[in-house]
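Engineer: Pasting the sequence and the predicted model now:
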Amino acid sequence: MDTEDTPPTPLDEFVWLIEKSDDGDTWWTGDHPVHGDLFAGGLALGSSAEEVARMMLERRITVLYEDTDFDWEELWFRCSVWNYQHAIDGTRFSGLPPRPLEESGTTAQAYGRYLRHHDEEPFAVEVRTSRQVRHLARSLHSQRVASSQPTPLWPFSAQLASESRPIHSAPTVP
């Protein structure tokens, strides 16, 4: 079959949350001296939770190398991802499902913390140790320099804003 005849894979809407740790045992958000936890979570479209977890974690690590306001070299990073529709309909939740974003009294950026608070099990979790974070940050920086790509501005760039959007405007997929 020709690739032009292949229908596009429908994208799901995912909730993501990036947390930090000193040792991989206790995790937190919101310690950036300038931005707090403003960019620690949000919504994104993707073909799988694993893809979204890797993408968001890599984007977060990409900006670390030149972030002089944040002491990140000894921190671990973890990205947890939930399929939004499954989280609110209770298909992977043992009790009552969490409320949809519009009814939760929180923002898209904080909705991952809301799901974590309600013990909703993530669909995917990606973890990077401090050694992996340092290596990846340097590697991504070198790739940008070698390809003459500009350093992304905090937070992540305008591209992220165009990929993440409010849940209530998501199209329904039959």
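Structural biologist: Here it is on my side, so go on.
Engineer: C-alpha from now on. contacts and neighbour counts both.
Structural biologist: OK.
Engineer: which residues in this protein form strands?
Structural biologist: Assigned by DSSP state E, the strands in the chain fall at 12-21, 41-46, 76-83, 124-128.
Engineer: Could you dump those strands into TSV with mean pLDDT added?
Structural biologist: Shown next, in TSV, are the strands of the chain (pLDDT from 0 to 100):
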stretch	mean pLDDT
strand 12-21	94
strand 41-46	92
strand 76-83	95
strand 124-128	96
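Engineer: need these in JSON lines with mean neighbour count and distance to Ala137, can you?
Structural biologist: As requested, those are arranged in JSON lines below (neighbours: other C-alpha atoms under 10 Å; distance: least, C-alpha to C-alpha, whole Å):
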{"stretch": "strand 12-21", "mean neighbour count": "25", "distance to Ala137": "15"}
{"stretch": "strand 41-46", "mean neighbour count": "24", "distance to Ala137": "19"}
{"stretch": "strand 76-83", "mean neighbour count": "26", "distance to Ala137": "12"}
{"stretch": "strand 124-128", "mean neighbour count": "19", "distance to Ala137": "11"}
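Engineer: Quick one: the ones you listed as JSON lines, columns for distance to Pro98 too.
Structural biologist: Listed next are the strands of the chain as JSON lines, based on distance: least, C-alpha to C-alpha, whole Å:
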{"stretch": "strand 12-21", "distance to Pro98": "13"}
{"stretch": "strand 41-46", "distance to Pro98": "16"}
{"stretch": "strand 76-83", "distance to Pro98": "12"}
{"stretch": "strand 124-128", "distance to Pro98": "18"}
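Engineer: out of those, nearest to Val145?
Structural biologist: Closest to Val145 of the strands of the chain, according to C-alpha to C-alpha: strand 124-128, at 22.9 Å.
Engineer: Arg54: neighbour count?
Structural biologist: Neighbour count of Arg54, defined by other C-alpha atoms under 10 Å: 19.
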